[in-house]
Each structure stands twice: as C-alpha cells, then as structure tokens.
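> Here's my sequence, what's the structure:
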Amino acid sequence: MTQPEHGQPPQAGGQAGWGSQPQWGGQPQWPAPPGHGPWQGQAPNGMPGGQTPPYGPQHGQPYGQHPGQPYGQPLYVAPPKPGVIPLRPLQFGEFLDGAFQTIRRNAASMVGSALIVQAASGILTGVLTVAVLPAMESLQSVNRRADLDDFLGPVIGFIAAIFGVAILAALLGSVLQGVFAVPVLRSVLNRRTGFRQMWKLAARRIWPLLGVAALLTFVGLLAVAAVVGVAVLLVMAMGPAGIALVIPLWIGALVLFVWIGLKLMFAPAAIVVERVGVYDGLLRSWRLTKNSWWRIFGITLVVAIMVGVIGNVVQIPVNLATEGVGTVFSPHPDASSTSSGFLVATIISTIIAVLVGSVTFAFQTSVTALIYVDLRMRREGLDVELMRLMETGADPDGVPGEPLARHAGTQWPPHSGSWPVPGSPAPDAPYGPRPPV
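Residues are numbered from 1 along each chain as shown. Sure, this is the predicted structure:
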C-alpha cells in the first residue's frame, strides 16, 4: 500500500478500522504466505478443526512451556558411568551388575588370587581327609577300649587340623577382601588392574591387613569359646533344664556376632584405600555403617543366599555323578575299591569346590567393596571426587578414593565453598557431609 501525498486524505479501505483491531491479549491475524495456509480444516495454529489452544499452561504442563518444547525447564542429566557403576548412590541391582563386570574386567587378578587361596585351603583339606582315611577304615574292627582310643586320636587330630585350615582360610580371605578393593575402585573409573599391579598397590598395606584379620579372628574365637563355656556350665549346673537358657544364649550371641561383624566389615577396604591403621580402619568402618546397618544386612544376606544356591547347584550334580560312576564301575565294592572311589570323589569334589569358591568369593568381595563405595558416596560425596578424577585423568595408576594429599596440585571446593590458591595444601576433606538419600 502506497503512502498518500501530502495534504491528501487516505484512500478508502487502506487502513483497518478500530473495530477490526485485535482484542486485548489476542494476536493479530496475519495473512499466511503462499503455499502455507490451512488446509483440510486445519487452523493456522496447527490444531485440527480450527480449534484455538486455550490461553495459559495446560494440565500438568509448567507455565511458559509450549507443547513439545522443554523451553525454560531444566533437563535431567544422568550421572556419568565411566566404569562398572554410575557415579551416584547405588541400587541393589547395580551392586550385582557392578560386581559381575568387575570380575569380568579383572579376572586374572581377582579370580586368580582367589584361586590360589582356595586351592591352598582345598589341598590342605584334601590331604587331611586322605590321611584320616585309614583310621576310618579301622573303625569296623574296633572291639576294645584300647582300639577306640587308637581310633579317636587321629580323628581328634583331623578335626583340629581342619579347624586350623579354616582359621587360615579366614585370615587369607580377610586379606583378599582388602586387596580386592583395589581393582573394584579402579573399575569404577574403567581402569583395568592386572595381577601384578593389584598386589603392588596393596603391598604396603599387607601388614595392617594381617593385623586386622588376626585381631578379628582372635576376638571371634574368644567370643565363641566364652559362649560355649557358659553353655557347658549352665548344662552341668542345671541339667536338662539348662538347655532352656542355652538356646536363647546362642541366639543372642549369633545376633550380636552378626551385628558387630557387619559394623566392622569394611575395615580391610578402608585400610587399603584410605591408608589407615588397624584401629582407624575399624573405627572408620564403624562410622560408615551408622544408620545403614539394615540396608547392608539385606544386601549381604541376599548375596550370601545367591552364592550358596549357585554353589550347591554346581556341587550337588558333581557329587551325584561321581557316586554314580563309582557304582557303575564297582557294583559290589570291597574295602580297597571303596577307598579308591572315596579318594577319586574327594579329588573331583575338591577341584570343583575350589573353582566355584574362587568365583563366588571374588563376587562377594566385589559386592562388599561396592557397598563401601556406596556408603562413601552417600556420606562424603565420593562421587564428586571420582568425577573430578574422571575429568582430569589424575593419578591413572593409583587407587581412586585414596587420601587426597597426592592430588594437592589440583583444585576443588573446600568446606568454606571458596577456591584455594593454586599450590596450596589440600584440606583433609574436599567437601562437607552429603544429605541423606
């Protein structure tokens, strides 16, 4: 439309009248460009049937956000998962998945080390079993008290030796629990750990690990001996009526043993990862498990049941097959064939038990180490420190989660929220307590 000349009135129809102006709050209707008009009953606003969308936000839609457009709304960003677990507090399924992935990525170091320990205890048990076999064969010829004494001597020695092997296996298992925290923590940042590297990183913490293992084993044996002694005294003093007191005594002792055991379960991992001593490791584990005992108990119980079921599923068919093969080849066994069959069955069952025990032990210790990581993420914000290590790539050959003194060249927000001057010493804790999740 052309402008009128100076002094001339505007042409009729050149300007819209006041009656055609858009209402207050409305939008003026502009002509659609060619080829973009509404077709087949569709309104210019894109809604069918010429409907006009209602003014304001829809039901369940934040104000200022148009349909299909998340403008103005913060998008949820999932925590990073550089390794076997996401860097946030974990759920139950993530403990299992993380443990499986850790074993798969570090099979040589974890399963190999567990295989050595399990093989040593299995070989000792097998040798003791074979050694007591002649005494078991002589049981049928026991007719006198002197023969019975000759029989009981090797049997008591066998029981004591088996008890000693169990204590040795418990000590070595406690040590491996702390050592396996190294590949688990490194797998969180997708860092593989070889057999030699794992033992090199944990070598300086072996003596504290042996100390805490020996202390816990000694205290446990002392507690068991005290409970047994009290039970014997009650039965001797009260007769059969003392059994009514012995049963609740044993139940209470078992509950107390489980409670204290779970409270101190993470001491080996703390000794290796955080480089603390025996007392500080026990105190550290006690504090980490505060207000989280039932959750730890549930996870540990379910994992123990799973491991037990898997072990029996593998072991029972092997035992049945071994007995079946012995029956087929020797349907009418004599003394010598029975001894040979027992020896073969012992060897086969020991090999299977060692293989299954190695994998299940590595799995259980991996879950324990992941619970330790989860507790530190919930209470101390360890996930923030792990993100920083992931972004900077600092200390690729170390153990994530260890004391931050060796990372003093980098910056992080201290308790006060301010940033330190480059080169200043690192504080003891890089962040304050995290709110409960």
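
> which residues in the chain form helices?
For the chain, the helices defined by DSSP state H occupy 92-105, 107-131, 133-137, 145-179, 181-188, 195-202, 206-238, 243-263, 267-273, 278-288, 293-329, 335-380, 382-392.

> got those as TSV, with distance to Gly401 and mean neighbour count columns?
Glycine gets a C-beta too; all of them are placed from N, C-alpha and C. Output for the helices of the chain, formatted as TSV (distance: least, C-beta to C-beta, whole Å; neighbours: other C-beta atoms under 10 Å):
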stretch	distance to Gly401	mean neighbour count
helix 92-105	15	18
helix 107-131	18	18
helix 133-137	49	14
helix 145-179	13	15
helix 181-188	5	29
helix 195-202	12	17
helix 206-238	17	15
helix 243-263	20	13
helix 267-273	5	28
helix 278-288	12	18
helix 293-329	18	14
helix 335-380	7	20
helix 382-392	6	18
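
> and those, which one's lowest on average pLDDT?
Lowest mean pLDDT of the helices of the chain: helix 133-137, a mean of 64.

> just to revisit the earlier point, take the helices of the chain and write them to TSV, including distance to Pro400.
Converted to TSV, those look like this (distance: least, C-beta to C-beta, whole Å):
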stretch	distance to Pro400
helix 92-105	13
helix 107-131	16
helix 133-137	50
helix 145-179	16
helix 181-188	5
helix 195-202	11
helix 206-238	19
helix 243-263	24
helix 267-273	8
helix 278-288	17
helix 293-329	21
helix 335-380	9
helix 382-392	6
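
> wait, which of these is closest to Gly83?
Closest of those to Gly83 is helix 181-188, at 4.6 Å (criterion: C-beta to C-beta).

> related to what we said a few turns ago, go through the helices of the chain and name the closest to Val77.
Using C-beta to C-beta, the nearest of those to Val77 is helix 382-392, at 12.2 Å.

> Show me what that closest one is packed against.
Helix 382-392 sits against helix 335-380, with contacts defined as 3 or more C-beta pairs under 8 Å, 6 or more residues apart in numbering; DSSP states H and E.

> what's the distance between Gln118 and Trp286?
Distance from Gln118 to Trp286, counting by C-beta to C-beta, to the nearest Å: 30 Å.

> cool, and Leu209?
Remark: distance between Leu209 and Trp286 (C-beta to C-beta) = 18 Å.

> Pull the contacting residues for Glu402.
Residues near Glu402 by C-beta atoms under 8 Å, 6 or more residues apart in numbering: 273-275.

> Now do it against Glu391, distance only.
For Glu402 relative to Glu391 (C-beta to C-beta), the value is 18 Å.

> Next up, the contacts around Phe92.
By C-beta under 8 Å, 6+ apart, the contact list for Phe92 reads 299, 302.

> at 7 Å what do you get?
By C-beta atoms under 7 Å, 6 or more residues apart in numbering, Phe92 lies in contact with Ile299.

> Next: Ala78.
Contacts of Ala78 by C-beta under 7 Å, 6+ apart: none found.

> cool, and the one 5 residues further on?
Gly83 makes contact with 187-190 under the criterion C-beta under 7 Å, 6+ apart.

> now with 10 Å?
Listed by C-beta atoms under 10 Å, 6 or more residues apart in numbering, the contact partners of Gly83 are 98, 101-102, 105, 184-192, 386, 390, 400.

> Phi, psi for Ile85 please.
Backbone torsions for Ile85, taken as degrees, to the nearest 10, come to phi -140, psi 160.

> surely it meets Ile371?
No - in this structure Ile85 lies outside contact range of Ile371 using C-beta atoms under 10 Å: 11.2 Å.

> For these two, list the residues in contact with both.
Both Ile85 and Ile371 are in contact with Phe95, where contact means C-beta under 10 Å, 6+ apart.

> Per-residue confidence, Ala241, what does it come out as?
81.

> my read: it touches Leu234, true?
Yes - counting by C-beta under 10 Å, Ala241 touches Leu234, with 9.0 Å between them.

> residues contacting the nearest residue to Phe361 once chain neighbours are set aside?
Nearest non-adjacent residue to Phe361, counting by C-beta to C-beta, 6 or more residues apart in numbering: Ala114, 4.7 Å away. Contacts for Ala114 (C-beta under 10 Å, 6+ apart) come out as 103, 172-173, 176, 180, 354, 357-365.

> what's the answer for Ala231, then?
Each residue near Ala231 by C-beta under 10 Å, 6+ apart is listed here: 242-243, 245-247, 249-250, 253.
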